[in-house]
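Undergrad: Dropping a prediction and its sequence here:
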Amino acid sequence: MPPFPLPARPPIGYAKRMDLTVQDLACARGGLPVLEGVGFTLRPGRALMLRGPNGIGKTTLLRTLAGLQPALSGTISAPPEAMAYAAHADGLKPTLSVEENLRFWARVFGQRDIARALDEFNLADLAHRPAQNLSAGQKRRLGLARLLVTGRPIWVLDEPTVSLDTASVALFGAAVAHHLRMGGAALIATHIHLGFEAEELDLTPFRARPRAMDRFDEAFA
Ligand SMILES: Nc1ncnc2c1ncn2[C@@H]1O[C@H](COP(=O)(O)OP(=O)(O)OP(=O)(O)O)[C@@H](O)[C@H]1O
């Protein structure tokens, strides 16, 4: 018996280059509609940066795409199993070392190689350090290195550079650029420029209309 459950479905991985087409998507947070009418296509090898002011719904959209919460309506062409989601909670096991964390996640996602993840995020010197003894930026690097052992083609990233210093932002930018060259794709909510070519989607026009205003109109119908 493996020490932890393996995925019921085989990983999709890079061999399966995948478009992500979103049509007329509406999503909610805390039971209130946040965005409506969202639509875009993200193709293999491309990155799309989500823009918009604080509270517009970037996190809500990413969580919906990654299958962590249901959409109110609309369609998402790619299944959650095609996506690797990384956000503020990094899913690290505090008592496991850096290397053990990566081996754990590689096993969960049906992968073997962790060497590239250690290398691309400059974690080799920290390989035997328990995750709980890492600095905030080092933990974030490990959380992002996890993406490389998922083998999943579409990265869905919420503010991935929080806590990273300039050198680590550059490492992360290079890792994403490599992922794109391999035929992967990335959807990233960030307020900074990551050093590679990407399209942008401003979510401001997709802000959901307030429900109170709908009721106000109905009162005069
Ligand atoms: N746990 C929650 N329960 C209820 N409402 C929430 C919750 N988290 C966020 N919200 C609200 O949902 C809306 C969208 O929030 P979301 O976090 O998706 O925005 P964001 O664009 O990612 O913001 P930021 O740029 O500040 O990270 C905001 O109005 C926010 O106040």
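TA: Now that the structure is in, tell me what you want to look at.

Undergrad: What's the nearest residue in this protein when you look at the ligand?
TA: Closest contact between the chain and the ligand, by Cβ to the nearest ligand atom, is at residue 30 (2.3 Å). (Each C-beta comes from the backbone N, C-alpha and C, glycine too.)

Undergrad: Distance check, that residue against residue 155.
TA: 26 Å (Cβ to Cβ, to the nearest Å).

Undergrad: Please apply the same query to residue 181.
TA: 13 Å.

Undergrad: And those two? Which one has more around it.
TA: Comparing residue 181 with residue 155 by other Cβ atoms under 10 Å, the one with more neighbours is residue 155, at 24 against 10.

Undergrad: what about the more buried one, which SS state?
TA: Following DSSP: H, G, I helix; E, B strand; the rest coil, residue 155 is assigned to strand.

Undergrad: I'd like the distance between it and residue 24.
TA: 24 Å.

Undergrad: And residue 47, by the same measure?
TA: 23 Å.

Undergrad: More neighbours: those two, which one.
TA: residue 47 (22 against 12).

Undergrad: Next, the contact list for the more buried one, please.
TA: Neighbouring residues of residue 47 by Cβ atoms under 8 Å, 6 or more residues apart in numbering: 176, 180, 185, 186, 187, 188, 196, 197, 198, 199.

Undergrad: Excluding chain neighbours, what is closest to residue 56?
TA: Among residues not flanking residue 56 along the chain, residue 203 sits closest, at 4.9 Å (Cβ to Cβ, 6 or more residues apart in numbering).

Undergrad: Tell me the confidence at the one you found?
TA: Per-residue pLDDT puts residue 203 at 97.

Undergrad: From what I see, it and residue 55 are in contact.
TA: No - Residue 203 sits out of contact with residue 55 when judged by Cβ atoms under 8 Å, with a separation of 10.5 Å.

Undergrad: what about those two, which has more around it?
TA: When residue 203 and residue 55 are compared on other Cβ under 10 Å, the one with more neighbours turns out to be residue 203, at 19 against 11.

Undergrad: can you pull the contacts of that one?
TA: The contact partners of residue 203, by Cβ under 8 Å, 6+ apart, come to 35, 38, 50, 51, 52, 56, 57, 58, 61.

Undergrad: switch the cut-off to 7 Å
TA: Residue 203 sits next to 35, 50, 51, 52, 56, 57, 58, 61 when contact means Cβ atoms under 7 Å, 6 or more residues apart in numbering.

Undergrad: pull the helix or strand with minimum mean pLDDT from this structure.
TA: helix 211-219 (a mean of 53; mean pLDDT, DSSP states H and E).

Undergrad: Am I right that residue 26 is in a helix?
TA: No - applying three-state DSSP, one finds residue 26 to be strand, outside a helix.

Undergrad: partners of it in the sheet?
TA: For residue 26, the beta-bridge partners are residue 73 (DSSP bridges).

Undergrad: Which strands and helices lie in contact with the helix or strand containing residue 60?
TA: Element membership of residue 60 [criterion: DSSP states H and E] is helix 58-65. Where contact means 3 or more Cβ pairs under 7 Å, 6 or more residues apart in numbering; DSSP states H and E, helix 58-65 is packed against strand 20-29, strand 32-42, strand 154-158, strand 185-189.
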